[in-house]
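Peer 1: Sharing a model prediction with you, sequence too.
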Amino acid sequence: MAGNKIPRLPPSGIKVIVVGAGFAGLSAAIECDRKGHSVTLLEKVDDIEEITRIGDIISFDPNGSKAFERWPGVVEQMEAIARQTKWLDLYHHEGKFVTRQSFAHESAWGRRINGHRGQLHNIIYRHAVARGIDIRVSQRVEDYFETDDPPQSGVVLSTGERLAADVVIAAEGVRSRGRKIVLGFDENPKSSGYAVYRAWFPADRIINNPVVKHLVENGDTHQGFIGPDIHFLASSIKNGTEVNWVFTHIDDGNIEESWQFPGKPEEALTYLGGWCDVVHELVKATPPGRLIDHKLVYRDPLPTFISPKARIALIGDAAHPFLPTSIQGASQSIEDGVVLATCLELAGRANIPLALRAYEKIRYGRVHRAQAMGPKTRERWHKADWNKVWKNPEMIHLVREPWLLNFDAERDAYEKFDTAAADLESPKAKL
């Protein structure tokens, strides 16, 4: 689809630099383009296509997928490769079935999209290319800046080149260099005390294994196994032709030593003593090079998402890293881009600082409320009182609340912007 045939608002005159072409950055770039802003997207890797060939499962809940429905053709392509289940079967770690949690009622709220992160990323990336967005690879950002005269913000590349715009969106993850200008100091990520093994491989590795073939021989499945300090999730996808599994484990490693590294099935198995055969056989079936051990990063909630002059904004993991048990990190990053692009549209080029402050005001409470769900779910599973669970299995169901999932970030931003702007412009707010 040619870029000039994709619907977008008239040009706003606002120039935006987005740093990072992950889900957060790509989505912010697309949303800004939809709103008529001029976008330059910078990515440090040499080949974005390489990103699309790696990864495991990623989940977008109805609140996140709302944006995809507004990008012509995107959500249909995503659903074609997404897991086709509307439930999660939960088991005790020794193998006894506990409960099935249905998500069928959530279809009234929107689409749940669970699929290979690289393949879903590729769909979004291809849409950004089709829109004609200026995407520049091999662009390593070393620093951020903002000035009053002229009123602008920008980045400094590793080559020494300086690029300026009206607003910069920092979307390059937990180690974003944009955090320094927002916080006023360097802050290193800390280990959360947990790491995650992640694997994805073809189903032919298990189709003839009598212990685990039931996971793939009748289409897509989704199962979870819960034990002390570990939860193990496994699913099949694409009509049972591909398999993925992940499990969270305690990790005492220094986050500065390694971010993520290849995992070995024999090492993963050392955490799973006493666990059922299904789990063991899945781990042992994992082929070489298909297992990653990924440290989960923790950061204290930031006091702000925006820079002192309010011309640089953090989004996604750069602003608020989520634990996987929240099942909201990806969706919240999409919401960030939607709201920021909308606030820029409504404020206009003459009021960039107001737009960024309104973005923060609209997002701050919601995103931290969502962020807090991750540790709560992990503790409910890892510290489960099984005497109580057997009597009330729904105790271990995922918390799926309408305030979080039945939500349209764009509509909400349109509804709240005027009030947020008026509050920010009030004499009391300026004191």
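Peer 2: That came through fine. Residues are numbered from 1 along each chain as shown.

Peer 1: these two touch, right, Glu394 and Thr99?
Peer 2: Yes - counting by CB atoms under 8 Å, Glu394 does reach Thr99; the two are 6.5 Å apart. For glycine as for every other residue, the C-beta is placed from the backbone atoms N, C-alpha and C.

Peer 1: So between these two, which is more surrounded?
Peer 2: Thr99 (17 against 10; other CB atoms under 10 Å).

Peer 1: Tell me what the more buried one is bridged to.
Peer 2: Leu90 (DSSP bridges).

Peer 1: For Pro150, see how far away it is.
Peer 2: 60 Å (CB to CB, to the nearest Å).

Peer 1: try Arg179
Peer 2: Distance of Arg179 to Pro150, computed by CB to CB: 25 Å.

Peer 1: likewise Val98?
Peer 2: Distance of Val98 to Pro150, given as CB to CB: 62 Å.

Peer 1: Of these two, which one has the most company?
Peer 2: The neighbour comparison of Val98 against Pro150 (other CB under 10 Å) goes to Val98, with 21 against 6.

Peer 1: Test my guess that that one contacts Gly224.
Peer 2: No - between Val98 and Gly224 there is no contact under CB under 8 Å: 9.1 Å.

Peer 1: For the two, list the residues in contact with both.
Peer 2: Leu90, Tyr91 (CB atoms under 8 Å, 6 or more residues apart in numbering).

Peer 1: Near Ala285, how many other residues are there?
Peer 2: Look at Ala285: counted by other CB under 10 Å, it has 20 neighbours.

Peer 1: doesn't Ile207 make contact with it?
Peer 2: No - in this structure, Ala285 is not within contact of Ile207 by CB under 8 Å, at 10.0 Å.

Peer 1: Which neighbours do the two have in common?
Peer 2: Residues touching both Ala285 and Ile207 (CB under 8 Å, 6+ apart): none.

Peer 1: Tell me where the longest strand sits in this protein.
Peer 2: For the chain, the longest strand by residue count, based on DSSP state E, is strand 190-202.

Peer 1: Rounded mean pLDDT for that strand, please.
Peer 2: Across strand 190-202, the average pLDDT comes to 86.

Peer 1: What sits closest to Leu291 if chain neighbours are left out?
Peer 2: Gly263 (3.9 Å; CB to CB, 6 or more residues apart in numbering).

Peer 1: got a list of what that neighbour touches?
Peer 2: Contacts of Gly263 by CB under 8 Å, 6+ apart are Tyr197, Arg198, Ala199, Leu291, Ile292, Asp293.

Peer 1: Quick check: the gap between the second one and Arg117.
Peer 2: So the one you mean is Arg198. In terms of CB to CB, Arg198 sits 10 Å off from Arg117.

Peer 1: For the nearest residue to Ala104 once chain neighbours are set aside, grab the count of nearby residues.
Peer 2: In space, Ala104 comes closest to Lys86 once its chain neighbours are excluded; the distance is 4.6 Å by CB to CB, 6+ apart. Using other CB under 10 Å, Lys86 has 15 other residues around it.

Peer 1: Could you tell me the phi and psi values at Lys86?
Peer 2: Phi and psi for Lys86, reported as degrees, to the nearest 10, are phi -120, psi 30.

Peer 1: State the distance from it to Lys391.
Peer 2: 26 Å.

Peer 1: same check, this time on Glu31
Peer 2: Glu31 sits 47 Å away from Lys391, taking CB to CB as the criterion.

Peer 1: So for these two, which sits in the more crowded spot?
Peer 2: Using other CB under 10 Å as the criterion, Glu31 and Lys391 rank with Glu31 on top: 27 against 9.

Peer 1: Now the more buried one: which helix or strand?
Peer 2: Assessed by DSSP states H and E, Glu31 sits inside helix 23-34.

Peer 1: can you list contacts of the next helix or strand after that helix?
Peer 2: Proceeding N to C from helix 23-34, the next assigned helix or strand is strand 38-42, under DSSP H and E. Strand 38-42 is contacted from outside by 11, 13-21, 25-26, 29, 32-33, 128, 133-136, 139, 141, 155, 157, 163, 165, using CB under 8 Å, 6+ apart.

Peer 1: same thing with stretch 271-281?
Peer 2: Residues from elsewhere that reach stretch 271-281 (CB under 8 Å, 6+ apart): 91, 93-95, 206, 209, 211-212, 215, 223, 225, 227, 230, 232, 234, 247, 249, 269, 283.

Peer 1: what's the nearest residue to Trp245 if we skip its chain neighbours?
Peer 2: Counting by CB to CB, 6+ apart, the residue nearest Trp245 is Ala234, at 4.2 Å.

Peer 1: ok, the one you found - how many residues close by?
Peer 2: The burial count for Ala234: 23, using other CB under 10 Å.

Peer 1: so where's the stretch 201-350 of the chain shaky on pLDDT?
Peer 2: Within the stretch 201-350 of the chain, the segments meeting pLDDT under 70 span 252-260, 298.

Peer 1: and the residue nearest to Ala104, what does it touch?
Peer 2: Ser102, Phe103, Ala104, Ser107, Arg112.

Peer 1: In a helix, the fourth one, correct?
Peer 2: Yes - assessed by DSSP: H, G, I helix; E, B strand; the rest coil, Ser107 belongs to a helix.

Peer 1: can you pull the pLDDT of it?
Peer 2: Listed pLDDT for Ser107 reads 94.

Peer 1: Who are the contact partners of it?
Peer 2: Lys86.

Peer 1: same deal with the first one?
Peer 2: Remark: with contacts taken as CB under 8 Å, 6+ apart, Ser102 is in contact with Lys86, Trp87.

Peer 1: neighbours of Phe261, just the number please.
Peer 2: Phe261 has 12 nearby residues by other CB under 10 Å.

Peer 1: whoops, Val156 was the one
Peer 2: Residue crowding around Val156 was assessed by other CB under 10 Å; the count is 15.

Peer 1: same thing with the one 10 residues further on?
Peer 2: One way to gauge burial is a neighbour count; for Asp166, by other CB under 10 Å, it gives 22.

Peer 1: Can you show me the helices along the stretch 201-350 of the chain?
Peer 2: In the stretch 201-350 of the chain, the segments counted as helices under DSSP state H, counting those that start in this stretch are 265-269, 277-284, 329-347.
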